[in-house]
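Asks: A predicted structure for the sequence below; I have some questions about it.
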Number of protein chains: 4
Amino acid sequence: MDEMLAAIVENARPRHGNGAVATYIPELGKARADALGIAIVTVEGDSYDAGDSDYPFSIQSISKLVSLALALTELGEEQVFSRVGVDPTPDPFNSIMRLEMDRINRPYNPLVNAGAIAVISFLPYRESAARTSAVLDLARKLTGNNALAVNEAIYLSERTTSDRNRALAYFMRSTSILDGDVEDVLDTYFRQCSIEATVKDLAIMGATLAAGGINPVSGERVLSSRVCRVVRALMATCGMYDGSGEFAIRVGIPAKSGVGGGILAVVPRRMGIAVCGPALDAKGNSICGMQVLEELSREMRLRVL
Amino acid sequence: MDEMLAAIVENARPRHGNGAVATYIPELGKARADALGIAIVTVEGDSYDAGDSDYPFSIQSISKLVSLALALTELGEEQVFSRVGVDPTPDPFNSIMRLEMDRINRPYNPLVNAGAIAVISFLPYRESAARTSAVLDLARKLTGNNALAVNEAIYLSERTTSDRNRALAYFMRSTSILDGDVEDVLDTYFRQCSIEATVKDLAIMGATLAAGGINPVSGERVLSSRVCRVVRALMATCGMYDGSGEFAIRVGIPAKSGVGGGILAVVPRRMGIAVCGPALDAKGNSICGMQVLEELSREMRLRVL
Amino acid sequence: MDEMLAAIVENARPRHGNGAVATYIPELGKARADALGIAIVTVEGDSYDAGDSDYPFSIQSISKLVSLALALTELGEEQVFSRVGVDPTPDPFNSIMRLEMDRINRPYNPLVNAGAIAVISFLPYRESAARTSAVLDLARKLTGNNALAVNEAIYLSERTTSDRNRALAYFMRSTSILDGDVEDVLDTYFRQCSIEATVKDLAIMGATLAAGGINPVSGERVLSSRVCRVVRALMATCGMYDGSGEFAIRVGIPAKSGVGGGILAVVPRRMGIAVCGPALDAKGNSICGMQVLEELSREMRLRVL
Amino acid sequence: MDEMLAAIVENARPRHGNGAVATYIPELGKARADALGIAIVTVEGDSYDAGDSDYPFSIQSISKLVSLALALTELGEEQVFSRVGVDPTPDPFNSIMRLEMDRINRPYNPLVNAGAIAVISFLPYRESAARTSAVLDLARKLTGNNALAVNEAIYLSERTTSDRNRALAYFMRSTSILDGDVEDVLDTYFRQCSIEATVKDLAIMGATLAAGGINPVSGERVLSSRVCRVVRALMATCGMYDGSGEFAIRVGIPAKSGVGGGILAVVPRRMGIAVCGPALDAKGNSICGMQVLEELSREMRLRVL
């Protein structure tokens, strides 16, 4: 198994040449374009890895799964989805126009930026610090890694270069989707994006989602199986942004990507898979990461679609 | 099993009250709002049914799966997807604006009207009649029902009341997406929408897609497994129109609906499931059909997401 | 005066090099790219001209003024503007997306294609031939030229190459903006676009609009002064398509252009001015025509804005 | 003359009942819904007024004319219009979607919020205070009122309730239309909107624009005639937001409205007219103000279109 993984990684690694490390957040530009790692954790708790599996990277949009799961747990589906939709969208992840164009001016889904920012603003915590702690705490339980932390340099870089996210947040406050102080809400958003992890950490999070909420390494129930189902369904239809359709065809597994280069894939009832390769395609998804997942899906007959 | 199906059907039947039979095509308005039937065919060829499983209805948009499978078989993925996208869209099934708004002015995916009409126009047949025959022929092989035919009354009703589809087709010809005579292309489109079938027929089609292309009743290989994978992936992300996200959460199985009231669901490597209940919600999906599938998915642990 | 006009024309003529004759209607492609003519008729009936002032060209979108004036006369403002707006739009003249995007799905104004087609469909004539006759008859009265006629070659060319206009018309019928047979309505639209005239003809039409509806050459009252005011106001805000803002700054006179190369400008209470130069800019407006009007406006202090 | 004005004002005053004082900025909600005043100043310096002509109100969007004139004077047309368009738009004044939708992502014109904010950000002043001073200074010269000042209560109210304008500004910074600190740029924007004036003040500003830049009361040349032409042309096509088309038909004079209830109209080479009536229609224009201008335009034959 480890050999197969190693072969797939080394086969995919040279492909990074086509892509570019995200640079709109300066600190992300320091990532190694040729890094590539994979880790797998099964629902039984077995684990495998290959390549740069100890390379730490910021999880970026993969963190949207955590704040969504927290909101679903704290508030329930009905409350969350009365204010954020569940519709896939062909618009880019940072699109704003739909918020104005549509009759119901809510964000499309919780896995695009606008939706994730809105979800954070609903979380029932008064203080920004308490809200960020709750997200980080859930991320720690999902990965079983209590040392998981925000990378301060990336956080600061995000905070100073995120005009588009501020535009989204102020727009949503002007239409009463978002309550509270914009900078406070964004603070949690920037911090959760800046959580640093390895593919080993994320594979455990994936296994937990695959197992219906029980972390197979720690044995702890972290989420209800209902919340896991909702999160996985949204990953399948919206997780890879406007590349979700192509990913469904090529790989056929629910997954969520981040511009740090990570992709978290979940095979329900079987395993979590995490890859990281910082060179991105035009839609913001890891080129080598998708390549690795496509090959792995074929080799191990993982596709569920 | 049949008992469980019967119980689910009778439990769901009263819910049709919330919905309305499609009336924009007058002939569809004659459907029985309280009809409700289900059929299941496994990849081993076992079959089960309950309710109005012999009720004939026009398959409408479920036919888009057939013309798409035909195009993929005849032309290959690359050619098809160079002209039609694979992106889910939150716009309604008959939306036109995106064709103008986006930089790449191609239809979002082959399962919305614009995309399906475009796919038909690519099919390598000179004559409209030959093209329609090829689609009907494939539908017969997929269902194993050689008597499958176009309902002429519905076809004529579609043809005279389809201004929106004409607008889509003329627009796409003005932007060179669609070649050929618009009325010719639409003729095949209207005819395939008007193919009449029962849930028993469609369940076999679903089983064929689940089995990777081999019709488990006739034993014939009808499609390649690769084509089946592509079709199923598109069903999962775009098959229920702008209700695809909600369906993924509630049911978690690839599916395609039609305004005739049918829904075809495919559990890869396990079974095809067809339901029909003509009362529709605002998005054009069968209300009772979704209810039946949700309950069945939970009872039989069918969800793949 | 004639000398000044001649100088302005000869000064502007070489600029046509930057533009291109409209070719999307093949017959229009036969126009002389270097033709350039101007004619002026004052509200007192004095006339001046220079350059290719006897060059016949199809008036194209300038005809929208005629069918609009006819509709306003026959139906009144209230009825017309309950179904077509009066809003300028930054979208191109053949845009469709706004028809779907906006809450009130009516065309923006009567001087873009969708609006003009809708206006024609409202005209209270049962037969397409009678409707076309009524438009042609009004055009003859406005120009005082009873020999004004449709150029059949251009009409046929329009009819066979107008997928976009068919898309607009079918879309509007699907949303109940347009009643009646689409091809019938378009027949009048294509014919009025194909009316052939010279700048001398159009300058009289302009003088009639400037004079509040009395043709200063024939002495006949052709329109009410109220209808003229409405037409001139729409020319000022929407007459040059998405180039209306730039034209208001450069020239400052109400005007309407056509892709045949003509521009009709109206200085209220003073004069009508017509120019023709078939080489167009990207927005479909005559390059030399705008140049001539800009210089003339400055020389004769014509701007009203 | 004063009698006619008084009659028109008293005739229009009861109509305010249909409208509502702007309340999205709390401090504006304190305006008197039934206030109504008018003032006229001719290019010869004669002045007339009626009604509440000493009622002070914040000029709001009328200030966009001042910052635009300043930018045109300091930077020239070419530089200004390379970054902001001159196109009328049917979208509301605070629309954001077009900034994302269009290929060239610049604001439509300098008289909608996005365009005005962009124009302010171009002004060649390092410090926000200097920039605000320059705008206020030009407003004082245009009105000849050296006591013109910002209403601090309104300014503070604007600053704390302007999420939409913040969204516009952050979005434009994310697309590099806007340089500099967002809050700094908005500070000038909020302050210029909060300049308090009477219709007597504004009528002098209008007369200055009508006269080609020479203040007819002070005798000072304040703007070049070219800048006045550009400003007047934009008023004619974009000055009344998405009500510009209707205003052109009803009144036929270049004008600019503000949500404080003011409208400044300019009859080129003849006079400036200012009205104020705080009750607004759905598009943000003063109901009684438009009524007064329509009647005055008819009575005095002022329309230029």
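Replies: Looks like it arrived, so ask away.
Asks: for whichever residue of the stretch 201-305 of chain A sits closest to chain C, give me its contacts.
Replies: When distances are taken as CB to the nearest CB, the stretch 201-305 of chain A approaches chain C most closely through residue A:242, which lies 18.9 Å from it. The way it works is simple: take the backbone N, C-alpha and C, and place the C-beta from them, glycine included. Under the criterion of CB atoms under 8 Å, 6 or more residues apart in numbering or on different chains, the contact partners of residue A:242 comprise A:89, A:90, A:91, A:92, A:93, A:283, B:87.
Asks: do residue A:287 as well
Replies: Listed by CB under 8 Å, 6+ apart, the contact partners of residue A:287 are A:15, A:16, A:18, A:19, A:277, A:279, A:280, A:281.
Asks: what's the burial count for the nearest residue to it once chain neighbours are set aside?
Replies: Of all residues not flanking residue A:287 in the chain, residue A:19 sits nearest, at 4.1 Å (CB to CB, 6 or more residues apart in numbering or on different chains). Residue A:19 is flanked by 20 other residues according to other CB atoms under 10 Å in any protein chain shown.
Asks: pretty sure residue A:19 contacts residue A:281?
Replies: Yes: taking CB atoms under 8 Å as the contact criterion, residue A:19 and residue A:281 are neighbours in contact, 5.6 Å apart.
Asks: can you pull out the strands in the stretch 51-200 of chain A?
Replies: Listed in chain order, the strands of the stretch 51-200 of chain A (DSSP state E, counting those that start in this stretch) span A:57-58, A:149-150, A:195-197.
Asks: now these as JSON lines including mean neighbour count, mean pLDDT and distance to chain C?
Replies: JSON lines is the format used below for those (neighbours: other CB atoms under 10 Å in any protein chain shown; pLDDT from 0 to 100; distance: least, CB to the nearest CB, whole Å):
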{"stretch": "strand A:57-58", "mean neighbour count": "28", "mean pLDDT": "97", "distance to chain C": "37"}
{"stretch": "strand A:149-150", "mean neighbour count": "16", "mean pLDDT": "98", "distance to chain C": "41"}
{"stretch": "strand A:195-197", "mean neighbour count": "25", "mean pLDDT": "98", "distance to chain C": "39"}
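Asks: these: which one's closest to residue C:174?
Replies: Closest to residue C:174 of the strands of the stretch 51-200 of chain A is strand A:57-58 (CB to CB; 48.3 Å).
Asks: now do residue A:39 against residue A:50, distance only.
Replies: Computed as CB to CB, to the nearest Å, the residue A:39 to residue A:50 distance reads 8 Å.
Asks: ok, residue A:302 next?
Replies: When distances are taken as CB to CB, residue A:302 and residue A:50 turn out to be 16 Å apart.
Asks: out of those two, which sits in the busier spot?
Replies: Each of residue A:302 and residue A:50 has its neighbours counted (other CB under 10 Å); residue A:50 has more, 23 against 18.
Asks: let me know whether the more buried one touches residue A:11 as I believe.
Replies: No: counting by CB under 8 Å, residue A:50 does not reach residue A:11; the two are 11.0 Å apart.
Asks: just to revisit the earlier point, how about the residue of the stretch 201-305 of chain A closest to chain C, secondary structure?
Replies: helix (DSSP: H, G, I helix; E, B strand; the rest coil).
Asks: do the same with residue A:264
Replies: On the three-state scheme (three-state DSSP), residue A:264 is labelled strand.
Asks: for it, what are its contacts?
Replies: With the criterion set at CB under 8 Å, 6+ apart, residue A:264 makes contact with A:62, A:65, A:202, A:203, A:205, A:206, A:255, A:256, A:257, A:272, A:273, A:274.
Asks: quick check: the closest residue to residue A:128 other than its chain neighbours vs residue A:168, distance?
Replies: Nearest residue to residue A:128, sequence neighbours excluded (CB to CB, 6+ apart): residue A:184, at 4.3 Å. Residue A:184 sits 15 Å away from residue A:168, going by CB to CB.
Asks: helices along the stretch 101-250 of chain A, start to end?
Replies: Using DSSP state H, counting those that start in this stretch, the helices of the stretch 101-250 of chain A run over A:113-122, A:128-143, A:152-160, A:163-174, A:182-193, A:199-210, A:225-238, A:244-250.
Asks: looking at the ones you listed, which is closest to residue C:141?
Replies: Across those, the minimum distance to residue C:141, taken as CB to CB, is reached by helix A:163-174, at 52.6 Å.
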